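J.: okay, structure incoming, though there's no sequence with it:
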């Protein structure tokens, strides 16, 4: 099964050599499930010719906001709707979670409550999972018909399910502790409050359910979302 990765941003240059870009992080997360991958840097204007270019689609995170006036955002929203109409499986993470919601009629805002960063606990239908997060923007209004599948006190719409073909999550299952460390060093200063940076730094290698969620993503792509 071929997964097309729609890359909507790039990892910080300071960690890219060590950890790879976002597409590589997802390929690592999903390794062992028999997928092949092709990356389309939509953030740079590189779009697939059609939805037939892959069997399933994955939209990455980004430093950009979905509400920002970038030339590549409207065609990305159009592509999302085409994937939905084609009935292909699609997963969105962080920015991907937000842009899918926006494209399908939801609302995304810069959250007045501030940032969520580092390891966070989420309720997935009664199952508690810890995943790394890095966001201030949130889906504040889910699209009509979307089912909330994950939440916590800070982020009410942390996971959304659209029928049996589209699943999106606000946290980053592809982010390792090392990636969070790199973000704290290179992107957090002057953006996150100093107290928050210090607190997240104390988390160290707190266990997260990244592999378990990667398995869940793989099952969803294969049409086995109940596993």
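T.: Looks like it arrived, so ask away. Being a predicted model, the structure only gives us computed values, none of them experimental. Residues are numbered from 1 along each chain as shown.

J.: can you count the residues close to residue 185?
T.: 14 (other C-beta atoms under 10 Å). (C-beta placed from N, C-alpha, C; glycine too.)

J.: cool, residue 210 as well?
T.: Based on other C-beta under 10 Å, the number of other residues close to residue 210 is 21.

J.: report the central residue of the chain.
T.: Residue closest to the average C-alpha location in the chain (C-alpha atoms, centre = their mean): residue 93, at 1.2 Å.

J.: contact partners for that one?
T.: For residue 93, the contacting residues are 26, 58-61, 168-169, 171-174, by C-beta atoms under 8 Å, 6 or more residues apart in numbering.

J.: could I get the buried residue list for the lengthiest helix in the chain?
T.: Selection of the longest helix in the chain by residue count, based on DSSP state H, yields helix 73-86. By neighbour count with 16 or more other C-beta atoms under 10 Å, helix 73-86 contains the buried residues 73, 76-77, 79-80, 83-84.

J.: now, among those, which is nearest to residue 17?
T.: Lowest distance from residue 17 to the buried residues of helix 73-86 (C-beta to C-beta) belongs to residue 76, with 27.4 Å.

J.: and the pLDDT at the closest one?
T.: We have a pLDDT of 98 for residue 76.

J.: one step back: from the contacts of residue 93, pick the one nearest residue 52.
T.: For the contacts of residue 93, the nearest to residue 52 is residue 58 (16.1 Å; C-beta to C-beta).

J.: and the helices in this protein, which stretches?
T.: Going by DSSP H, the chain shows helices at 13-19, 22-29, 73-86, 95-103, 177-186, 194-201, 210-221.

J.: measure how buried residue 176 is and give me the count.
T.: 18.

J.: ok now do it, which residues does it touch?
T.: Applying C-beta under 8 Å, 6+ apart, the residues contacting residue 176 are 19, 25, 132, 210.

J.: now do residue 16
T.: residue 10.

J.: by mean pLDDT, flag the weakest helix or strand of this structure.
T.: Counting by mean pLDDT, DSSP states H and E, the chain has its least confident helix or strand at helix 13-19, which shows a mean of 90.

J.: in that one, which residues are buried?
T.: Buried residues in helix 13-19 (16+ other C-beta under 10 Å): 15, 19.
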